[in-house]
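Visitor: this one's structure only:
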Ligand code: CO
């Protein structure tokens, strides 16, 4: 499948609002290759030369519905810092990820969120849970995993999992007060 700026579906296409379905495990060959292609997109998209050559927009995550396939498949590559302040890369190819618990504490990206399927600018804070626990099958490690995500990774995972419900990041922005946030929310 060719995944690039032209083939990724945008929010002008009603399909982006479709609900995604669970996939069967073990993954079918078709689902497995799609998941690998999604990860490859994310990896290539952050390589400046490849992005230019292949017509890719940089991203930290992409979900299957964004290429028009309503299945609970998503790939994520997030660079962050661990608790000791050392750089760490989280890389996942997830099937059927679901949030099993969330913190009361909220978090938001100071720069706002973006999405491969959204062209227009939607300014404002997307307030999400600061920490979540996600269960999924991960093709990178070929096993069922539990991810304890916080801050940036937690936000990226919530953004991608929202795509399975047809929810886009700007749906969460308060129209009347786009930069409102709980006073104790973590600013990232
Ligand atoms: Co998105």
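Guide: Sure thing, it's come through. Note that the structure is a prediction, hence the values are computed from the model and not measured. Numbers count the residues shown, from 1 in each chain.

Visitor: rest of the way, CA atoms for contacts and neighbours
Guide: Will do.

Visitor: to the chain's geometric centre, what's the distance from stretch 46-65?
Guide: A distance of 13 Å separates the centroid of the chain from that of stretch 46-65, by Cα atoms, centre = their mean, to the nearest Å.

Visitor: tell me the SS of the residue nearest the centre of the chain?
Guide: The residue lying closest to the centre of the chain (Cα atoms, centre = their mean) is residue 160, at 3.0 Å. Look at residue 160: counting by DSSP: H, G, I helix; E, B strand; the rest coil, its state is helix.

Visitor: wait, isn't it in contact with residue 77?
Guide: No: in this structure residue 160 lies outside contact range of residue 77 using Cα atoms under 8 Å: 11.7 Å.

Visitor: Give the residues shared as contacts by those two.
Guide: Common contact partners of residue 160 and residue 77 (Cα atoms under 8 Å, 6 or more residues apart in numbering): residue 61.

Visitor: For the residue nearest to the residue nearest to the centre of the chain when sequence neighbours are not counted, what are phi and psi?
Guide: Leaving aside its sequence neighbours, residue 160 sits nearest to residue 63 (Cα to Cα, 6 or more residues apart in numbering; 6.2 Å). Dihedral pair for residue 63: phi -110, psi 160, per degrees, to the nearest 10.

Visitor: what's the spacing between the longest strand seen in the chain and its chain's center?
Guide: Longest strand in the chain by number of residues, with DSSP state E as the criterion: strand 87-102. How far strand 87-102 lies from its chain's middle: 9 Å, per Cα atoms, centre = their mean.

Visitor: Could you do stretch 72-85 as well?
Guide: 10 Å.

Visitor: Was I right to think residue 97 contacts residue 134?
Guide: Yes: the pair residue 97 / residue 134 is scored as a contact, 6.4 Å apart, by Cα under 8 Å.

Visitor: so where is the protein shaky, pLDDT-wise?
Guide: For the chain, applying pLDDT under 70 flags no range at all.

Visitor: For the one helix or strand residue 53 maps to, which helices and strands make contact with it?
Guide: Assigned by DSSP states H and E, residue 53 falls within helix 48-54. Packing contacts for helix 48-54, counted by 3 or more Cα pairs under 8 Å, 6 or more residues apart in numbering; DSSP states H and E, involve helix 29-45.

Visitor: ok, residues contacting the helix it packs on?
Guide: Residues contacting helix 29-45 (Cα under 8 Å, 6+ apart): 1, 3-4, 23, 50-51, 56-64, 73-77, 92-94, 139.

Visitor: can you check stretch 87-101 too?
Guide: By Cα under 8 Å, 6+ apart, stretch 87-101 touches 22-23, 35-36, 39, 72-82, 132-140, 153, 161.
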